[in-house]
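Asks: Just the structure for this:
(one chain, ligands or ions: 1)
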Amino acid sequence: MSTQEPERTLSECYSALVPFRLVLRRSARRRTLSMRISRERRLIAVSAPESAAESEILAWVDRHHAWLEKHAIADGNSDRSVPLMGEFRPGGIFLFFGEEYRLTVTAGRRKLDSSLHGFAEGGRMLVPDVRGVASLRRAVFAIYAREARCYLGERTAEWARTGNFVYRSVAVNSAAHRWGSCNSRGEIRYSLRLMGCDADLIDYVIVHELSHTVELNHSPAFYRVVEQVLPNHKMLRDRMKKYR
Ligand SMILES: [Zn+2]
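Replies: I've put the predicted structure just below:
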């Protein structure tokens, strides 16, 4: 195509989960990544080398979620009382479409089997017979990721048809502190954790990300786009705040 590639801008949606805006600053002289929080301006400023890939930067931010939690989320978010994911042990409570499921190990089945493992009747999340928090977390994330890729992929296509949005792709990651993101190329990413929320809240995040294909920011113009598709978006956004 003859048109110039649009400048790649990081448009993160920390505001959904963390009421902070993420701003990226690039510098040719910089060699490493760093992050600074301004509580007054509700801002997370990430400084990055010119050459760092956007995916690399996002992965780095995610790896520092403990730091973000301490400095940003703990601040003024004490009403966020519903954890989407409980403890990674048998009996741990996990949400799926807003419903509670209890982590249940299938005895003797050590390999993840898509026909056997997953969210089952009786409020059970069936996982392989593996030991240790790290192994159980991997298994649980694999189950959520499978559901997320399927559901969010289809649902994004549906909402794109409804709102006449054009996007390029949908991918799923395990980001802990943002529900989704969209870049100027129309590449949408969702956190697999989103599958824990109520269905209408998942729709809100999908419409939010799709609206970034029109407005790559959180300006009033952006929210007008969201509002055209979801007139009750403000109420949904408020309800979303209860999850962490
Ligand atoms: Zn956003």
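Asks: So which bits of stretch 149-166 are buried?
Replies: Of the residues in stretch 149-166, Tyr151, Leu152, Arg155, Thr156, Trp159, Ala160, Gly163, Phe165 count as buried by neighbour count, 16 or more other CB atoms under 10 Å. Yep, even glycine has a C-beta here, placed from its N, CA and C like the rest.
Asks: Return the distance of that stretch from the chain's centre.
Replies: Stretch 149-166 has its C-alpha centroid displaced from the chain centroid by 16 Å (CA atoms, centre = their mean, to the nearest Å).
Asks: As CSV, could you dump the C-alpha coordinates of it?
Replies: Listed next in CSV are the C-alpha coordinates belonging to stretch 149-166 (Å, rounded to 0.1, in the frame of the first residue of the first chain):
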residue,chain,number,x,y,z
ARG,A,149,-9.4,-17.6,22.5
CYS,A,150,-12.6,-19.2,21.4
TYR,A,151,-15.1,-16.9,23.1
LEU,A,152,-13.4,-13.6,22.8
GLY,A,153,-12.4,-14.3,19.1
GLU,A,154,-16.1,-15.0,18.2
ARG,A,155,-17.5,-12.2,20.3
THR,A,156,-15.1,-9.6,19.0
ALA,A,157,-16.2,-10.5,15.4
GLU,A,158,-19.8,-10.2,16.4
TRP,A,159,-19.4,-6.8,18.0
ALA,A,160,-17.3,-5.6,15.1
ARG,A,161,-20.2,-6.4,12.8
THR,A,162,-22.6,-4.6,15.1
GLY,A,163,-20.5,-1.4,15.4
ASN,A,164,-18.8,-1.5,12.0
PHE,A,165,-15.3,-1.8,13.5
VAL,A,166,-12.4,-3.0,11.5
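Asks: helix/strand/coil for Phe94?
Replies: Of the three states, Phe94 takes strand according to DSSP: H, G, I helix; E, B strand; the rest coil.
Asks: Does it touch Gly196 like I think?
Replies: Yes - contact status for Phe94 versus Gly196: in contact at 7.0 Å, counting by CB atoms under 8 Å.
Asks: what is in contact with these two at once?
Replies: Leu84, Met85 (CB atoms under 8 Å, 6 or more residues apart in numbering).
Asks: the strands in the chain, which residues?
Replies: 21-27, 34-38, 43-49, 93-96, 99-105, 118-120, 124-127, 169-173, 180-182, 187-191 (DSSP state E).
Asks: of those strands, which approaches Arg138 most closely?
Replies: strand 124-127 (9.7 Å; CB to CB).
Asks: per-residue confidence for Pro6?
Replies: Looking at Pro6, its pLDDT reads 32.
Asks: Could you report the distance from the one residue sitting closest to the centre of the chain to Pro49?
Replies: In the chain, the centroid-proximal residue (CA atoms, centre = their mean) is Trp179; its distance is 2.4 Å. To Pro49, Trp179 is 27 Å away according to CB to CB, to the nearest Å.
Asks: can you check Leu236 too?
Replies: Applying CB to CB, the value for Leu236 to Pro49 is 37 Å.
Asks: More neighbours: the two, which one.
Replies: Between Leu236 and Pro49, counted using other CB atoms under 10 Å, Leu236 has the larger neighbour count: 20 against 15.
Asks: give the contact list for that one.
Replies: Contacts of Leu236 (CB under 8 Å, 6+ apart): Asp200, Leu201, Asp203, Tyr204, Leu230.
Asks: Run a quick neighbour tally on Ser184.
Replies: 16.
Asks: Same question for the one 10 residues further on.
Replies: Around Leu194 there are 25 other residues, counting by other CB under 10 Å.
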